[in-house]
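Peer 1: give me coordinates for this.
(2 chains)
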Amino acid sequence: MEHKLALSDKNLEDFLTISEIKVGFDAFTEAQWIKLGKTANNLCRGLPIEGADLLHIVICRALEGRRRCRRELPMEVFIYHAMESVVDAFIKRRKSDPLENTIHPLDSEDAIELMDMLDSRIGTPEEEMIANQTLQALKQLFEGDERSMEILTYQMDNLQPAEIQKLMELTPVQYASALKAIRRKYDKLGLQESL
Amino acid sequence: MTKQSKQSIEQLFNIAKAVSHQVIKLPDREVLDEDNDSFTKSEGFMAKRAYLKALQTVGAKDTKQVEPKVPSFNLANTLMKGVSVKVARQKLMGLNAANDPSLQLIANSANLLNDEEILKTYQALLSAGLLDIG
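Peer 2: Numbers count the residues shown, from 1 in each chain, chains lettered A, B, ... in the order given. This is a model prediction of the structure:
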């Protein structure tokens, strides 16, 4: 038991305390806030939830000590991954059989909170419309840009960068350049939504 | 929900992940140089506000746990009385890196906010103890 406690204490030291997390947020630069805002909006694209709500849920968990940040991890990376895992869990829970949810009730508390928050909007025609329209807008945005569209199609199928490069016979430099062009164009999707 | 809509959500999520991984890895300098429009700045401002709101939420929960029966007294609300939008906006615009580097973002975005947002932000900063009363 003593050994276990000692191990546990040692492990705790690997993570930022709540006070340190707050200090970390207070010292965030403008660029770090932009990265968080942008990625939160990206992850909510096509979902009936705002990036601000997703960020709020995740930051609350961090400030309550329910999500812990490893010391070596930059805080914006920590928050981003927390957001990504919440949305991932949310999508998986929505896909799964209700019976399966009762067998694994504790897979993601945050995803459940998101489900509760969106309860009245899940499975509605509006939700379907948002998802389909957003995907349509994305395809229109890249219409005529065959290379970008091909990369996006592979990304939609969740292929890894190395696989995509190999399939398209792109050098790392060519691939990085194509990704940069996609990212800049993708940003316009957010601008369109805000208008 | 149709199978097609479920698939659309997953496909959008996969693209969002790929793009966001790039964004997160960008050097700060590049983010600022590349995205110099007001929309991008408003995304940063949104994130900052989500943080301030979370501070309030978590703070409120803590207070509730410690003193559940004490009637709530909102210092920020009290201080808001008599503060005009103009004064609040000036205060926000006056924030600078000397106060807190992260507040610079709010100062830069103050002109983009409507009256209600100005007052909400002013109140949030007061509650978080990030703004001087004087």
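Peer 1: per-domain residue ranges of chain B.
Peer 2: Using automatic domain parsing, the domain parsing of chain B gives B:1-34, B:37-127.
Peer 1: chain A: helices as residue ranges?
Peer 2: A:2-13, A:18-26, A:30-43, A:51-64, A:75-95, A:98-103, A:109-117, A:125-141, A:146-156, A:161-168, A:172-194 (DSSP state H).
Peer 1: what's in contact with the fourth one?
Peer 2: Judged by CB atoms under 8 Å, 6 or more residues apart in numbering or on different chains, the contacts made with helix A:51-64 from elsewhere in the structure are A:18, A:21-22, A:25, A:36-37, A:40-44, A:67, A:69, A:78-79, A:82-83, A:86-87, A:110, A:113-114, A:117, B:43, B:46-47, B:49-51, B:53-55, B:57-58, B:61. Bear in mind the C-beta positions are built from the backbone N, C-alpha and C, glycine included.
Peer 1: got the angle for that helix vs helix A:172-194?
Peer 2: 110 degrees (axes from the mean of the first three to the mean of the last three CA atoms, to 10 degrees).
Peer 1: quick check: angle from helix A:51-64 to helix A:18-26?
Peer 2: 150 degrees.
Peer 1: helix A:51-64 to helix A:30-43, inter-axis angle?
Peer 2: Orientation check (the same axes, to 10 degrees): helix A:51-64 against helix A:30-43 gives 120 degrees.
Peer 1: average pLDDT across stretch A:60-72?
Peer 2: Stretch A:60-72 shows a mean pLDDT of 92.
Peer 1: could you confirm whether the longest helix seen in chain B reaches chain A?
Peer 2: Counting residues, the longest helix in chain B under DSSP H turns out to be helix B:38-66. Yes: applying CB under 8 Å from any CB of the partner chain, one finds helix B:38-66 in contact with chain A at B:39-51, B:53-55, B:57-58, B:61.
Peer 1: which strands and helices lie in contact with that helix?
Peer 2: Packing partners of helix B:38-66 (3 or more CB pairs under 8 Å, 6 or more residues apart in numbering or on different chains; DSSP states H and E): helix A:30-43, helix A:51-64, helix A:172-194, helix B:104-109, helix B:115-127.
Peer 1: now residue B:17: closest residue in space, sequence neighbours ignored.
Peer 2: Nearest residue to residue B:17 in three dimensions, chain neighbours excluded: residue A:84, at 6.3 Å (CB to CB, 6 or more residues apart in numbering or on different chains).
Peer 1: rewinding a little: of the contacts of helix A:51-64, just the buried ones, ChimeraX syntax please.
Peer 2: The ChimeraX selection below is limited to those of the contacts of helix A:51-64 classed as buried (16 or more other CB atoms under 10 Å in any protein chain shown):
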select /A:21,22,25,36,37,40,41,42,43,44,67,69,78,79,82,83,86,87,110,114,117 /B:43,46,47,49,50,51,53,54,55,57,58
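Peer 1: surely residue A:175 is in contact with residue A:162?
Peer 2: No: with contact defined as CB atoms under 8 Å, residue A:175 and residue A:162 do not form a contacting pair (9.4 Å).
Peer 1: who's more crowded, those two?
Peer 2: More crowded of residue A:175 and residue A:162, by other CB atoms under 10 Å in any protein chain shown: residue A:175, with 16 against 10.
Peer 1: where does the nearest residue to that one once chain neighbours are set aside land on pLDDT?
Peer 2: Distances taken as CB to CB, 6+ apart put residue A:165 closest to residue A:175, at 4.9 Å, once the chain neighbours are dropped. Looking at residue A:165, its pLDDT stands at 96.
Peer 1: next up, the contacts around residue A:165.
Peer 2: Contact analysis of residue A:165 by CB under 8 Å, 6+ apart lists A:171-172, A:175.
Peer 1: closest to chain B out of those?
Peer 2: Taking CB to the nearest CB as the measure, chain B lies nearest residue A:175 of the contacts of residue A:165, at 11.4 Å.
Peer 1: what pLDDT does the closest one get?
Peer 2: So residue A:175 comes in at 95 (pLDDT).
Peer 1: same deal with residue A:95?
Peer 2: The model reports residue A:95 with a pLDDT of 63.
Peer 1: now swap in residue B:61 and tell me
Peer 2: pLDDT, residue B:61: 70.
Peer 1: and it, how close does it get to residue A:64?
Peer 2: For residue B:61, the distance to residue A:64 equals 8 Å [CB to CB, to the nearest Å].
Peer 1: how about residue B:126?
Peer 2: 22 Å.
Peer 1: so these two - more neighbours on which side?
Peer 2: residue B:126 (22 against 14).
Peer 1: and among the helices and strands packed on helix B:38-66, the most buried is which?
Peer 2: Each of the helices and strands packed on helix B:38-66 was scored by mean neighbour count; the highest is helix A:30-43, a mean of 26, by mean count of other CB atoms under 10 Å in any protein chain shown.
Peer 1: that older thread, which of the helices of chain A sits closest to residue B:28?
Peer 2: With CB to CB, the closest approach to residue B:28 among the helices of chain A belongs to helix A:30-43: 3.5 Å.
Peer 1: just confirm yes or no for that closest one near chain B.
Peer 2: Yes: with CB under 8 Å from any CB as the criterion, chain B is reached by helix A:30-43 at A:30-43.
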